[in-house]
Every structure is written in structure tokens, then in C-alpha cells.
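Student: Just the structure for this:
(chains A and B)
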Amino acid sequence: MSSTEHSEHIDSDTGKMGMWLFLFTELFLFGGLFIVYAVMRSKYAADFHHAALELNAFVGATNTVVLLVSSMTVAMSLTAIQQNRSGKAIGLILITLILAGVFMVNKYFEWGHKIGLHLYPGSDVMKTMPHGEIMFFGLYFMMTGLHAIHVIIGGILLTIVIRKIQSGKISSSHYLLQENAALYWHLVDLIWIFLFPLLYLIT
Amino acid sequence: MTHSTTAEPLNYLNHKTGLWSWLSSTDHKRIGLLYLYSITIFFCAAAVLGLLMRIEKIAPGQTIMSAQTYNGMFTIHGIIMVFIVVIPGLAAVFGNIMLPIMIGAKDVAFPKLNLFSWYVYISGAFLGLYSQFANGHSPDTGWTFYVPYSAEASSNVVIALTAAFVLGFASILTGLNFIVTIHRMRAPGMTWFRMPLFPWSLYATAWIQILATPIIGITLLMVIAERTFHIGFFDPALGGDPVLYQHLFWIYSHPAVYVMILPAMGVVTEIFPTFSQKPVFGYVPIVFSSMAIALVGYFVWGHHMFTSGISYESRWFFSFLTFLVAIPSAIKVFNWLSTMYGGSVDLKPPLLFAISFIFLFTIGGFTGLTLGSLATNIQLHNTDFVVAHFHYIIFGGMGFAFFAGIHYWFPKIYGRMYNFRWANISWGFLFAGFNLLYFPLFVIGIQGMPRRYFDYDPKFQTGEVISTIGAFILFIGLIGMISNLVYHSKRGAIAPANPWHGVTLEWQIPSPPPHENFDEVPVITREPYVFDHPHTN
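Tutor: Purely as a prediction, here's the structure:
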């Protein structure tokens, strides 16, 4: 065995502090893209306005609601595990995962639609468009793409949590991993809350 | 757990044996040694590249390599030295080995994450090496990956960018681990202001790692996206802005300089009180100057871009802040000197390296102001003056502090002592070689020799030749120092627990430390640098 004897369980406050610091780094990662967005939008305000018309605010709003509800269910699963109701906790996390799936399917059709219209970086149509619109769609794909990767990572984390609840490793006395996975899921939600108005609602 | 049958008492080095017991160990001391060995190997490799470049420049024109090879060499030398050696450097090695002990903890807050960080680090490091040898030619953009060239070059830039991204992730995880460790794991009674100053410097460093590294992460991803999908963020033909890349790059890469130098300052701050047998002068100012460097250092990145076409207002703003950040650095220099003043100074090898650190760091610092000042910057930008300046800071500062640290903590880490004479002679070669190598670059830089050129005007040859001779002398010193340490880590005389009469916690436990550092958790009742019985030698 490796020498982990002295660290059977990381206490909850320590573990959460580590997670919060990690979430800060995630915010800064997206922060770099927000800086680029700010620079480009101030440079090409009219083009951004025009390009954003291509995005369907209804689909965006639907996805926002879907993610907000999924954040709620993941928070409820935490209450359930604290009350030692692991079946209910698993059920709520499954709902979260289904909602994540809905989000990704919506995203898939959105991206597919754009790509069908040849609105993707490097396409022939793009090259003829005004500079600001090229930047807008570049940012759109980069930001939503990076966010989608985070949705997938969050989904994997929550799946691991389900397995650990089933095997009894997560229980009403030890649920740090579930708490941290939920925090991560809230981050995924939070970043979308910023992306939605910046990309969909600026027209 | 396998128990050793020899008479030697059990410690972290011998309580388990075999390669796997090292590669799977979550013991912070063993992970620190994993970092030490991997960093040493990569340092030697990149140093050899440096020597080859110096040999190339012994005469004008092509001597031993083509221009393209030279471009690849300074790129890979930079990538290895910056991302694989110096940024993790002191924090990952001495931070890992000493931080938990110095704050009276049994380990870092997240031991498994700590081991995971090393694996992330070593994967990034090998990816960096792979970029050198994979199909196509090695990256030739310089370690700064400036667009537009990095977005277009046909060399293995994507692999190198990915390597830097992965290494940044390892750096973030280490920083995160240290912050939580310092907040949550201090021994009872160890208040913030009873904490030794090396942990304080690691604390400031870790915050920079957390706040700045993600920016380089996203920037590198954007360059990868530029190359893969042709988005055009940095391409004016598509509406992008290449100067934006420089901003994003230096938002991280300038604070990264403080990631390198703050732990170095922390190490020498431990050495001066011990070898003067006198409390450190101005504990609180040292703490606050560390935090001030971390804070102000975050806002000086624009001084790398004075000639890139940024506005007049941002130029004087960044120039002013650059001068401001020199103040806390200077405060520390005065603190170190005042610590020695009136103490019983004992010029053993660690102190010798620490004093040369002050000398070289001060030269690096002053020339930094020369570059930070708007008028002189125009003349000196992208000349060998810049190369000399940052080698004085990074090698003369961080490198010599690393040498000081390894000579200081060596008896604690291995329980054995190296040969002092051998160490002193190696120091002489290192110090003389270093100055011969880099000082001429200041001079020819002022005369107009550009950096990163493989050829030069014959009028610079005197300076270039002196510099190359210095490189060889430096190498003799390096070989001498490393062989002294390697040889005596196994065969040296057994070292006592506290050979330097230090007062911080690491000297109060056996050498090498036992597996869990402390038999019982220490209770701290006073400030870290109290010398009850000054030892005069």
C-alpha cells in the first residue's frame, strides 16, 4: 500500500476549500475568453449585434432553464444524502444527468444548424463576413465548446458520485465528494449564466 | 509495510524500498525528491543546449549548427528551463519537502493530489521533450510562442503548447495544495505570524499560481484553436489582434517570474538567520513585501510590450508599476543584509550561495529597472541586454537560491553531509563562470546585439567569446557541485539532526525525517527565529 495511512479522510472544510480554489481557477480560465470578448465587442459593437441575431434566444433560454433546474436537483441530492436517503439522492443526480443530456442535445442541434449554414471558423462563408462577425462566431464556438467540455466533465463526476453512493462510500457521514461534484456542477451553471446574455441577448 | 532490518533507524527514505514504493508514495518528502530528480535531469539537458548555443556563437557565421537548429535550441531551452525547471523549481522541491515540516504538519492537505500533480508534471515534461523529437522539426517560436509566427510555423508548436498547458495544470494543483495546507494544517499555536518565512513566500507564490496560470492555459488553448480551426483571434486579416496575444501571454508570464523568485527569496530568508545566529531582521516587512510583490507583480505585464504599439498612457502606467514592484524587492535585500549585521556570521556553503544570490539578484533587479524605464527600453528591447537581465534574475537569483537551498537542507533530506571544500570550490567556478557568461551580454546588448540571433557582427566577438568561456567555467562548477551532492548523498559522513544550529521546526526532528515527520504534534509557543544559545564558530 502507498503511504496514505495518515490521511484516511480529508476533513470536509479542507476538501471544500481546495474545491473553491479550483473553481476560482476555472473562472479565470473562462476569464481569459471574457477579456477577448470585451476587447472584440468594444471594437466591433455593430457586428456583434448583427451576428447575435443568428442565435436562437429561445433555444438559449431553454438551455438556461434546463441548467438552472439541474443545479437545483443536484443541490437537493445533497440534502437527500445528508438525510441518509441514498435512493432519493441517486434519483436526483440521475435527473441532473438527464437534464445535462438535454442541454447537450440542444447544443448539438444548435451547432449543427450553424455548421449547416457554413457559420464555422475557417469556412468559405465566414471568410467573406465582416471581421466582427468572424470574431463573434469564433468566440461563440470557443466559449460554448469549452463550456460543453465542462458539462461532460461534470457529468462524469456525477456518475462517479452515483457509483460511490451505491457502494456505500458516500453516505450521510462522508459526502465530501458529492458536495464538491455539486459545487463543480454549479460552476458549469454559473458560467452558462454569463455566456447566455453575452452571446444570445445582445441584439 | 516492510521494516528495515539494519541498525539504521527507520526514516522516510528507508521505511519502504523499491521503485514502485517511490512512484506510488504520497509522502510529501518523497514527492519532493521525485521533483528534485526530474528537475535536475531536465535542467542538465537544457543547460547542455545552452552550452551548445554558446559554442555556436564562439565565432560569427555558422560554426556547429544551422540557423534552424539554433532556433529550435533556444526555443526548447526556454520551454524546458521556464516551464519544466524554474516555475515548478523551488516550490515543488523544497516546498514539498519542507513546507509541511516547517509548519508542524504530517503532510500536505491533499497527499494524493500531490502525487497526481507530479504525474501531470512529468507527462507535460515528456510531451515537451516529444515536441522536440516528433516528426517535423522542433518548435522554433521561442518559449513565448508569439503570434503570428506561432499560429503559422510548420514546426511542432501544438505539441509544445499542449505541454505548457499540462505543466500549468500541475502548477495550479501544487499551488492549490499549498494554500489549503497553510490555512488548515499548521500545528497548534502556529499563528500566521509565527510561521517561518519560507512557508510565507510559498503562500504568496501559490496565490499567483492560482490566479495567473489559468490565463496562460486559455491563451495556449486559443493558439491551438488558431492553428486547428483558423478562428482568427490573433489574425488581423480576420479581425483579430496579435497584440492581444501578447497581453494575455504576459498577464501570466510576468507573474510567473514572481512564481520563480518568491520561493527563492524565501529560501535565503531561512539561511541568513541560521548562519548569523540572529533573528531575521524585520519579519513583518518581509511577509508584507512578499504579498506586495505577488499583488503588484500581477499588474506590470505591459512592460514587455513597450515597443508593441500600446498606448502612451498604458506605457507610463506599466512603467510606474514596474518601478513600484522594485520597492518590496529592495526591502527584502535590506532585511537580509541587516540580518547578518552584528550576527556571528558563519560562511558555510549555503550562506556563500545565499550571499551571491543577493549580489546577482541585485544586478538583475537594477537592470530590470533599466528595461522598465520607457526611454531606455526602446533601445534595449529584444537585445542581449534582456537575455543577460533575466538570466541574472532567473539563474543568478532563482538558480543560486536553489543551490543555496540544496546545500542548506541536504543534511536534513539525506541525513548525510557533503564535502565543504568541494562545495566551496564548485561555488567559485559557478560564480565566476556565471558572471563571465552573462555580464558581457549586457555590454554587447547595449551596443546593439539582438537576442535570438545565431550569427553576429564580428565587432561583438570579444564579448561573445568571453561569454562562451564563462559557459565552460560554469559547467565545471555545475559538474563539481552535482557530483559532490550525488556522491555524498549516499557516502557522506552521517549528519547530526541540526548541523547548522537552526531553530525552525525541520531542525528539531531527526535527519532524515521519519515517515510522518513528528512523533507527536509540536505545539508552537513563540516566534520562529529565536536563538536562545548563540553558537559561535
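Student: can you list the weak-confidence ranges in the chain?
Tutor: Answering for chain A, as no chain was given. Across chain A, the ranges flagged by pLDDT under 70 are A:1-9.
Student: other chain: chain B
Tutor: Along chain B, the model assigns pLDDT under 70 to residues B:1-7, B:533-537.
Student: Report the contact partners of the residue sitting nearest the centre point of it.
Tutor: Centroid check for chain B by CA atoms, centre = their mean gives residue B:86 as the closest residue, at 3.4 Å. Taking CB atoms under 8 Å, 6 or more residues apart in numbering or on different chains as the criterion, residue B:86 is in contact with B:260, B:394, B:398, B:399. C-betas here are computed from N, CA, C, even on glycine.
Student: could you redo the last one with a cut-off of 10 Å?
Tutor: Under the criterion of CB atoms under 10 Å, 6 or more residues apart in numbering or on different chains, the neighbours of residue B:86 are B:39, B:43, B:46, B:80, B:256-257, B:259-261, B:264, B:394-395, B:397-399, B:402.
Student: Tell me the one among these nearest to residue B:317.
Tutor: Nearest to residue B:317 among those: residue B:257, at 18.8 Å, using CB to CB.
Student: Then the closest one would be within a strand, right?
Tutor: No: counting by DSSP: H, G, I helix; E, B strand; the rest coil, residue B:257 is not part of a strand but helix.
Student: That one: neighbour count?
Tutor: For residue B:257, the neighbour count with other CB atoms under 10 Å in any protein chain shown is 24.
Student: I figured it hits residue B:390, correct?
Tutor: Yes: Residue B:257 is within contact range of residue B:390, at 7.9 Å (criterion: CB atoms under 10 Å).
Student: Common neighbours of these two, please.
Tutor: Contacts common to residue B:257 and residue B:390, judged by CB under 10 Å, 6+ apart, are B:82, B:368, B:397.
Student: What distance do you get for the last one to residue A:29?
Tutor: Taking CB to CB, to the nearest Å as the criterion, residue B:397 is separated from residue A:29 by 29 Å.
Student: now residue A:96
Tutor: Distance from residue A:96 to residue A:29, by CB to CB: 23 Å.
Student: Looking at the two, which one has more neighbours?
Tutor: Taking other CB under 10 Å, residue A:96 and residue A:29 do not tie; residue A:96 has more neighbours (28 against 20).
Student: quick one: contacts for that one?
Tutor: A:67, A:69-77, A:154-155, A:158, A:161-162, A:181-182, A:185.
Student: when you check those against the helices, which ones overlap?
Tutor: A:67, A:69-77, A:154-155, A:158, A:161-162, A:181-182, A:185 (DSSP state H).
Student: neighbours around residue A:109, how many?
Tutor: Residue A:109 sits with 11 neighbouring residues when counted by other CB under 10 Å.
Student: now it, nearest residue through space, not along the chain?
Tutor: Distance criterion CB to CB, 6 or more residues apart in numbering or on different chains; nearest residue to residue A:109, sequence neighbours excluded, is residue A:59 at 7.7 Å.
Student: and the residue of chain A nearest chain B?
Tutor: residue A:131 (2.6 Å; CB to the nearest CB).
Student: Quick check: chain neighbours aside, which residue is closest to whatever residue of chain B ends up closest to chain A?
Tutor: As assessed by CB to the nearest CB, chain A sits closest to residue B:239 within chain B, at 2.6 Å. Leaving aside its sequence neighbours, residue B:239 sits nearest to residue A:131 (CB to CB, 6+ apart; 2.6 Å).
Student: do residue B:469 as well
Tutor: residue B:436 (6.1 Å).
Student: Now do the contacts for the one you found.
Tutor: B:466, B:467, B:468, B:469, B:470, B:471, B:472, B:473, B:474.
Student: Now the last one. Its backbone dihedrals?
Tutor: Its backbone dihedrals place residue B:474 at phi -60, psi -40, with angles given as degrees, to the nearest 10.
Student: any idea how far it lies from residue B:480?
Tutor: Applying CB to CB to residue B:474 and residue B:480 gives a distance of 11 Å.
Student: Please identify every residue contacting each of the two.
Tutor: B:429, B:430.
Student: Specify which residue of the two has the higher count of neighbours.
Tutor: For residue B:474 and residue B:480, the more surrounded residue by other CB under 10 Å is residue B:474, and the numbers stand at 25 against 18.
Student: For the more buried one, which residues are in contact?
Tutor: Residue B:474 is in contact with B:47, B:50-51, B:54, B:395, B:429-438, counting by CB under 10 Å, 6+ apart.
Student: need the strands for the chain, in chain order.
Tutor: The chain I'm using is chain A. For chain A, no strands are identified by DSSP state E.
Student: Hmm, no, I was thinking of chain B.
Tutor: Shown for chain B, the strands assigned by DSSP E span residues B:416-417, B:493-494.
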